[in-house]
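Chemist: Here is a sequence with its predicted model. Questions after.
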Protein chains: 2
Amino acid sequence: MAERPTEAPPNVGDRRPSRAAERIRQSARDLFYREGIRAVGVEAIVAGAGVTKPSLYRAFPSKDELAAAYLRDWDAVFWERFEAGAALYPDDPRARLRFYLEGLAARATVDGYRGCGLTNAAVEYPEPGHPARRVAEEAKRALRRRLTEMASAMGASRPDALGDGLLLLIEGAFATGQIFGTGGPARALVAAADALIDTYLGEA
Amino acid sequence: MAERPTEAPPNVGDRRPSRAAERIRQSARDLFYREGIRAVGVEAIVAGAGVTKPSLYRAFPSKDELAAAYLRDWDAVFWERFEAGAALYPDDPRARLRFYLEGLAARATVDGYRGCGLTNAAVEYPEPGHPARRVAEEAKRALRRRLTEMASAMGASRPDALGDGLLLLIEGAFATGQIFGTGGPARALVAAADALIDTYLGEA
DNA sequence: TCAGATAGGTACCGATCGGTATCATCTCCG
DNA sequence: CGGAGATGATACCGATCGGTACCTATCTGA
């Protein structure tokens, strides 16, 4: 693949910010997510980007750091999706969360879904200090904090417990979504979250 | 490693069934689970088993098939754990499930936990036909069926929905258990499952 | 006792891994 | 125009990957 390496800049309108690095990021993002980080070689990444290896290693110090950059990109779009309901329901944290969960349930119950890039990376890299794992762990800690915060805003009796329960459901959707195809267990996600929230809001 | 390869059969009482193959299975089990399947080379496996590569390839046609065998072993011990409460609570499916969930919550909230080998393998191998993925998918389908069956036995109004919700929680514990260390979200597992079950049992 | 199957070990295979040295080219700015 | 810094391409590195050909030791049953 990578038919004609040299001529024909892919997007003529690109400006300063190093188009090669950006193309590498995008190629890495697609391949890492689709096939897994360990399964993808740098050769495949640069081929997908239409560049060559030295271009990659000038923009990123190593494959591990490229993986970390991919996860930071992933994290950014995750939060975009997660907070997308904020504009629709500015004063209703429960509706906001529900909005995200509905979208997640839809995505996670069709064939080809591959789960959360961050969680997948943590599975692929159990070594504590790995750059990719570091990004994944920090992102998940932030999500946990945010969910507890939202549980608190909902008025839950024990926001920690509700936040953790919701995180279990979300991670369960990530995992089962890529194992079961269409019609997987994530179809029960919203109802389960509702039941959980109702229970924790109903407590004295 | 692999200090003295030849002498001293590991278990003197072993009969016919090829001790080398068994040592390879055990070494593969430890390494695959601890570090991930893709991260472990066959060299490390045979070194851990104190044998050499041809012994591995006489017992297993390929690394992929060895991974599949590892997952079948994993599946067997999983069911052992999952059904361990059957003896204690022969006529109480809810208590039986709770027993398993309590054990899982305990395991998943200590440092070094690595989640479910089957789920991890599905993350590492997204290709539909892969031997390891096949085993993982089939095992998870069986778990889903079993949970729905138990939900039905509990008298749930919609056993499918309850079973799926419980599966989300369990998979969430597998995932978060290996991301957060001690004190992770799985500490809320039992309470969340209770809330879910109560809700689905309380429905008309 | 001896044939033959079977298990184990040594040494090796081509392919691919992540990563780099070196040289050509392009672009912007004085 | 001219030259400097960034960008890209070719070709290559040692290490490791999964997998195998070949020889030896051992244990079995006739």
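Modeler: Everything's here; your move.

Chemist: now for the longest helix that chain A contains, which elements pack on it?
Modeler: The longest helix of chain A (DSSP state H) is helix A:131-154. Packing partners of helix A:131-154 (3 or more Cβ pairs under 8 Å, 6 or more residues apart in numbering or on different chains; DSSP states H and E): helix A:63-82, helix A:93-107, helix A:117-124, helix A:159-177, helix A:189-202. C-beta coordinates here come from the backbone N, C-alpha and C atoms, glycine included.

Chemist: So which of the ones you listed is nearest B:Ala87?
Modeler: Set against B:Ala87 and scored by Cβ to Cβ, those come closest in helix A:159-177, at 27.5 Å.

Chemist: mind checking which helix or strand A:Ala39 is in?
Modeler: Per DSSP states H and E, A:Ala39 falls between elements, in no helix or strand.

Chemist: Report pLDDT for it.
Modeler: Looking at A:Ala39, its pLDDT stands at 96.

Chemist: Ramachandran coordinates for the closest residue to it other than its chain neighbours?
Modeler: Distances taken as Cβ to Cβ, 6 or more residues apart in numbering or on different chains place B:Arg38 nearest to A:Ala39, at 6.6 Å, with adjacent residues excluded. The phi/psi pair for B:Arg38 (degrees, to the nearest 10) reads phi -70, psi -30.

Chemist: Apart from its neighbours in sequence, what residue is nearest A:Ala153?
Modeler: Nearest to A:Ala153 is A:Pro93, by Cβ to Cβ, 6+ apart, at 4.3 Å.

Chemist: how near is that neighbour to A:Met154?
Modeler: 5 Å (Cβ to Cβ, to the nearest Å).

Chemist: Kindly report the same for A:Val51.
Modeler: For A:Val51 relative to A:Met154 (Cβ to Cβ), the value is 48 Å.

Chemist: ok so, going back, I'd guessed the residue nearest to A:Ala39 sits against B:Val123; true?
Modeler: No. Using Cβ atoms under 8 Å as the test, B:Arg38 is too far from B:Val123 to be in contact (10.2 Å).

Chemist: Tell me the buried residues in stretch A:103-116?
Modeler: Within stretch A:103-116, the residues that count as buried by 16 or more other Cβ atoms under 10 Å in any protein chain shown are A:Leu104, A:Ala105, A:Arg107, A:Ala108, A:Thr109, A:Tyr113, A:Arg114, A:Gly115, A:Cys116.

Chemist: One more: stretch A:188-195?
Modeler: For stretch A:188-195, by 16+ other Cβ under 10 Å, it's A:Ala188, A:Leu189, A:Val190, A:Ala191, A:Ala192, A:Ala193, A:Ala195.

Chemist: do the same with stretch A:55-63
Modeler: So stretch A:55-63, judged by 16+ other Cβ under 10 Å, has buried residues A:Ser55, A:Leu56, A:Ala59, A:Phe60, A:Lys63.

Chemist: Okay, now the unreliable bits of chain A?
Modeler: Along chain A, segments meeting pLDDT under 70 span A:1-18, A:204.

Chemist: got the residues of it near DNA strand C?
Modeler: With Cβ under 7 Å from any atom of the strand as the criterion, chain A meets DNA strand C at residues A:Val40, A:Gly41, A:Val42, A:Glu43, A:Ala44, A:Lys53, A:Pro54, A:Tyr57, A:Ser62, A:Lys63, A:Asp64.

Chemist: pretty sure the first one contacts A:Leu31?
Modeler: Think A:Val40. Yes. A:Val40 is within contact range of A:Leu31, at 4.5 Å (criterion: Cβ under 8 Å).

Chemist: which one of the buried residues of stretch A:188-195 sits closest to DNA strand D?
Modeler: Of all the buried residues of stretch A:188-195, DNA strand D sits closest to A:Leu189, with 35.8 Å by Cβ to the nearest atom of the strand.

Chemist: for the residue nearest to A:Ala39, what are its contacts?
Modeler: Going by Cβ atoms under 8 Å, 6 or more residues apart in numbering or on different chains, B:Arg38 touches A:Gly36, A:Arg38, A:Ala39, A:Glu124, B:Glu124.

Chemist: Which single one of those residues is nearest to A:Ala132?
Modeler: For the contacts of B:Arg38, the nearest to A:Ala132 is A:Glu124 (7.6 Å; Cβ to Cβ).

Chemist: In space, what's closest to A:Val135 - neighbours in sequence excluded?
Modeler: Closest to A:Val135 by Cβ to Cβ, 6+ apart is A:Leu71, at 4.2 Å.

Chemist: swap that for A:Leu169, sorry
Modeler: Counting by Cβ to Cβ, 6+ apart, A:Leu169 lies nearest to B:Leu168, which is 5.0 Å off, once chain neighbours are set aside.

Chemist: And for A:Glu35?
Modeler: Nearest one to A:Glu35, counting by Cβ to Cβ, 6+ apart, is B:Pro126 at 6.3 Å.

Chemist: Ramachandran angles for the one you found?
Modeler: The phi/psi pair for B:Pro126 (degrees, to the nearest 10) reads phi -80, psi -20.

Chemist: I'd like the buried residues of stretch A:103-116 as CSV, with distance to A:Arg25 appended.
Modeler: Converted to CSV, these look like this (distance: Cβ to Cβ, whole Å):
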residue, distance to A:Arg25
A:Leu104, 24
A:Ala105, 29
A:Arg107, 22
A:Ala108, 25
A:Thr109, 29
A:Tyr113, 22
A:Arg114, 18
A:Gly115, 20
A:Cys116, 18
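
Chemist: Kindly identify which of those also come near chain B.
Modeler: A:Arg114, A:Gly115 (Cβ under 8 Å from any Cβ of the partner chain).

Chemist: now, among the buried residues of stretch A:103-116, which is nearest to A:Ala175?
Modeler: Comparing those against A:Ala175 with Cβ to Cβ places A:Gly115 closest, at 6.3 Å.

Chemist: quick one: the closest residue to A:Ala161 other than its chain neighbours from B:Tyr100, how far?
Modeler: The shortest distance from A:Ala161 to any non-neighbouring residue, by Cβ to Cβ, 6+ apart, is to B:Ala188 (4.8 Å). Here B:Ala188 is placed at a distance of 16 Å from B:Tyr100 (Cβ to Cβ).

Chemist: pretty sure the residue nearest to A:Ala161 contacts A:Leu168?
Modeler: Yes. Counting by Cβ under 8 Å, A:Leu168 is a contact partner of B:Ala188 at 6.7 Å.
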